[in-house]
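In: I'll drop the sequence and a predicted model, then ask my questions.
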Amino acid sequence: MRFLRVLIGALLLILLIVFAVANRQPVDVSLDPLPFLIELPLYLLVFLVFIAGLVIGAVAGRWNAWSAARKARQQAQRKAAQQRESQPASAIAPATASSATDGTSDRTGGPLPPAPVV
């Protein structure tokens, strides 16, 4: 598998070198509303446009992944909130403050056993 990857990479590199050698003539690149005129070899212009497209595509893909993750997280939070709301009140009702501090009940909400007589 690694040999195949190296072979394809070498063939692509040879193809790029042949393209660059065959397209060395300079071309003028004009950024129309601006007064700039840039002279570049054609192969360099093609490579720069290709690289710019890769970068823009990668940023757009990353943005899409972040959006999808954010939406999934929001849906999970909404689902959890709905599940909390749909539970019966007795299942989620905490012990009242007075029963927890007056010494007449234990942590589970039940009554304490009688104190031993000495």
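Out: Structure received.
In: Enumerate every residue touching the nearest residue to Val46 once chain neighbours are set aside.
Out: Closest residue in space to Val46, ignoring its immediate chain neighbours: Asn23 at 7.3 Å, by C-beta to C-beta, 6 or more residues apart in numbering. For every residue, glycine as well, the C-beta is placed using N, CA and C. Shown in contact with Asn23 (C-beta atoms under 8 Å, 6 or more residues apart in numbering): Pro41, Leu42, Tyr43, Val46.
In: Let's see if you can find the most crowded of those residues.
Out: Among the contacts of Asn23, Tyr43 has the most neighbours (other C-beta atoms under 10 Å), with 18 neighbours.
In: now for the host helix or strand of it, which elements pack on it?
Out: Per DSSP states H and E: Tyr43 is located in helix 42-86. Here helix 42-86 touches helix 2-22, strand 26-31, going by 3 or more C-beta pairs under 8 Å, 6 or more residues apart in numbering; DSSP states H and E.
In: let's see it at 7 Å
Out: The helices and strands touching helix 42-86, judged by 3 or more C-beta pairs under 7 Å, 6 or more residues apart in numbering; DSSP states H and E, are strand 26-31.
In: Report the angle between the strand it packs on and helix 42-86.
Out: With axes from the mean of the first three to the mean of the last three C-alpha atoms, to 10 degrees defining the directions, strand 26-31 sits at 40 degrees from helix 42-86.
In: List the pairing partners of strand 26-31 within its sheet, with orientation.
Out: strand 36-41 (antiparallel) (DSSP bridges).
In: Buried ones in the strand it pairs with, by neighbour count?
Out: When neighbours are counted by 16 or more other C-beta atoms under 10 Å, no buried residue of strand 36-41 is found.
In: so it versus helix 2-22, what angle?
Out: With the same axes, to 10 degrees applied, the angle from strand 36-41 to helix 2-22 works out at 120 degrees.
In: quick one: contacts of strand 36-41?
Out: With C-beta atoms under 7 Å, 6 or more residues apart in numbering as the test, strand 36-41 has contacts from Arg24, Pro26, Val27, Asp28, Val29, Ser30.
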